[in-house]
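Student: I would like the atomic coordinates for the input below:
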Amino acid sequence: MSGWLAIAGLGPGDETLVTPEASAALDAATDVIGYGPYVARVAPRAGLRFHASDNRVELERAAHALSLAAEGRRVVVVSSGDPGVFAMAAAVFEAWEQGPADWRELDIRVLPGITAMLAASARAGAPLGHDFCAINLSDNLKPWELIERRLRLTAEADFAMAFYNPRSKARPEGFARVLEILREACGPERPILFARAVSTPEEVLTIVPLAEARAEMADMRTMVIVGSSRTRLVARDRGPVLYTPRWAE
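Tutor: Alright, predicted model coming up:
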């Protein structure tokens, strides 16, 4: 087959955080497919077709991309951050496995990007400097009971925790419950970082103890990171540094 499919991460927002590999794929592409706001981040040019869709049609989007590649198109499926972290790479392979046998011969590449978790951590210091766990707090694709169980086990294991999709308009009550669980399991003094719109002009970083954290401090553009018991918050004139030492006893 002459077509190919690349699944590319566009980073957290700033154009300078898009990798050269992803930029090269977009330069060579005939078609760009993705959730509308992500597709809008790609500059138009002659001969490049855009296929924007809603956020909850991942498998349909993936199948469309695979079909175009099978027809000989050069297709880039775009995600924010890294496409392999709670994003489109897994959806593409789900559709690919379930699809026609000839899709198995397609040239499919996953192009890594800088995910929000890493961008937020870097802005604050190094809260993910030791063992950590990433959890998607959306219950669209898994039951809330599983999210609660994983939260408790992660806190018990004393990982730092990075939370994606903390609070949406459709489920505002879930993150309030998350904070209750964290206060019970980690205590009121554990530092929590709210990093909103990292690497964009709207970026805001807020670090508070869990006792002062409120659900309304997060939305779908916010990355939330909770430190482990060893995470340090060090004051300085230019703003505090949040980091987790590399060692543990």
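
Student: could I get the full set of helices for this structure?
Tutor: 20-28, 36-39, 58-70, 88-98, 116-124, 144-156, 173-186 (DSSP state H).

Student: tell me which of those helices sits nearest to Leu205.
Tutor: Relative to Leu205, the nearest member of the helices of the chain by CB to CB is helix 116-124, separated by 5.8 Å. The C-beta positions use only the backbone N, C-alpha and C, and glycine is treated the same way.

Student: sorry, back to before: just the helices of the chain: most buried one?
Tutor: helix 116-124 (a mean of 22; mean count of other CB atoms under 10 Å).

Student: and it, C-alpha only, in CSV?
Tutor: Extracted in CSV, the C-alpha atoms of helix 116-124 (Å, rounded to 0.1, in the frame of the first residue of the first chain):
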residue,chain,number,x,y,z
ALA,A,116,0.5,17.7,29.7
MET,A,117,1.7,15.6,32.7
LEU,A,118,5.3,16.2,31.8
ALA,A,119,4.8,19.9,30.8
ALA,A,120,3.0,20.6,34.1
SER,A,121,5.7,18.8,36.1
ALA,A,122,8.5,20.8,34.4
ARG,A,123,6.8,24.1,35.0
ALA,A,124,6.5,23.4,38.8
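
Student: what sits up against it?
Tutor: 11-12, 17, 80-81, 85, 127-128, 134, 162, 164, 193, 195, 198-199, 203, 205, 207, 223, 225, 241-242 (CB atoms under 8 Å, 6 or more residues apart in numbering).

Student: any of these buried? List them.
Tutor: Buried members of the contacts of helix 116-124, counted by 16 or more other CB atoms under 10 Å: 11-12, 17, 80-81, 85, 127-128, 134, 162, 164, 193, 195, 198-199, 203, 205, 207, 223, 225, 242.

Student: quick one, strands of this protein?
Tutor: In the chain, the strands defined using DSSP state E lie at 4-9, 31-35, 49-53, 74-79, 107-111, 125-126, 132-136, 160-164, 191-196, 204-209, 222-226, 232-234, 241-243.

Student: quick check: the gap between Ser168 and Ile147.
Tutor: 14 Å (CB to CB, to the nearest Å).

Student: wait, I meant Arg109
Tutor: For Arg109 relative to Ile147 (CB to CB), the value is 32 Å.

Student: go on, Ala46?
Tutor: Ala46 sits 46 Å away from Ile147, going by CB to CB.

Student: do the same with Pro83
Tutor: 23 Å.

Student: what of Phe93?
Tutor: Where Ile147 is concerned, Phe93 sits at a distance of 23 Å (CB to CB).

Student: what of Arg167?
Tutor: In this view, Arg167 and Ile147 are 13 Å apart by CB to CB.
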